[in-house]
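S.K.: This is the structure alone, sequence omitted:
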């Protein structure tokens, strides 16, 4: 199995993250048994969270991105850290599926022609940086695409102008072919011209999943993003190839792996269960014979019997 990877770097006007999250999204689909729509929505959120996690400064820092929309795929959460570990879950769409599927099995579109998979609501970003109170920012959801929601959050809650691209490409059987994304953010005190140029350019280049599927490396994608395609130089490099001109020089600071990883343990669930109190625990054990809990993030089940609570 291949590895998901991310590149982190900087230039005079911006900082950037570019990642291939194909294996992460494949694992998430398998762990949660996701349908194609859930795979796409959740895969994009995991990709965005992975990049946000790599921006944290300390190993114990944690970022949580929580989407609360009223659509069938609007309840989803992901967490990430600087080590490149991400996990999350997406709510069961079955109880709200009637909102987007009519009696003939066709998608219902709103007045703008969109299908409201996520719907109206909010996105909350919580950064636990080891301080007494975590940093928390909330923004209203005005878009259906996770990339647009993330960019909107950065602009309103953190006053950072950003370009966000996220993609999940599935095959005809609903299996994950490619997933990835990039996040480019304007540095403080820099004029908007760089980001504006980049946004115009995005309409001329292929999507992130197409670039990955075409065999481009993360380094080559960074080059493409920074290449000034409005300038054509007649000069060639030592191999005789067309010499690229960049909007500005950039530096890749780090390339590292990403992983879908859950850190749940039986001990952590035990600490949660004992908050129920001895009386409630004894009652459940008497009725059920055991207490079984399941992890939201990885689906692992833990069984607890009377022996586990003998010292309570």
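M.R.: All right, it came through fine. In this text, all values refer to a predicted model and were calculated from it rather than measured experimentally. Residues are numbered from 1 along each chain as shown.
S.K.: Mean confidence (pLDDT) on the helix of greatest length in the chain, please.
M.R.: Determined from DSSP state H, the single longest helix within the chain is helix 36-53. In this model, helix 36-53 carries a mean pLDDT of 96.
S.K.: which residues does the nearest residue to residue 157 once chain neighbours are set aside contact?
M.R.: Closest residue to residue 157 apart from its sequence neighbours, by CB to CB, 6 or more residues apart in numbering: residue 137 at 3.4 Å. All C-beta spots, glycine's among them, are computed from the backbone N, C-alpha and C. Contact analysis of residue 137 by CB atoms under 8 Å, 6 or more residues apart in numbering lists 124-125, 153, 157-158.
S.K.: Bridging across strands, which residues link to residue 137?
M.R.: Beta-bridge partners recorded for residue 137 (DSSP bridges): residue 125.
S.K.: gap between stretch 82-93 and the chain center?
M.R.: When distances are taken as CA atoms, centre = their mean, to the nearest Å, stretch 82-93 is centred 8 Å away from the chain's centroid.
S.K.: Please apply the same query to stretch 20-35.
M.R.: On CA atoms, centre = their mean, the centre of stretch 20-35 falls 12 Å from the chain's centre.
S.K.: of all the contacts of residue 137, which comes closest to residue 87?
M.R.: In terms of CB to CB, no member of the contacts of residue 137 lies closer to residue 87 than residue 125, at 16.1 Å.
S.K.: what about that closest one, neighbour count?
M.R.: Neighbours of residue 125 under the rule other CB atoms under 10 Å: 22.
S.K.: Wait, it touches residue 55, no?
M.R.: No - at 11.5 Å, residue 125 does not count as touching residue 55 under the criterion of CB atoms under 8 Å.
S.K.: which residues do the two both contact?
M.R.: With CB under 8 Å, 6+ apart as the test, residue 125 and residue 55 both reach residue 63.
S.K.: hmm, back to that, and the gap between the residue nearest to residue 157 and residue 296?
M.R.: As judged by CB to CB, to the nearest Å, residue 137 and residue 296 stand 23 Å apart.
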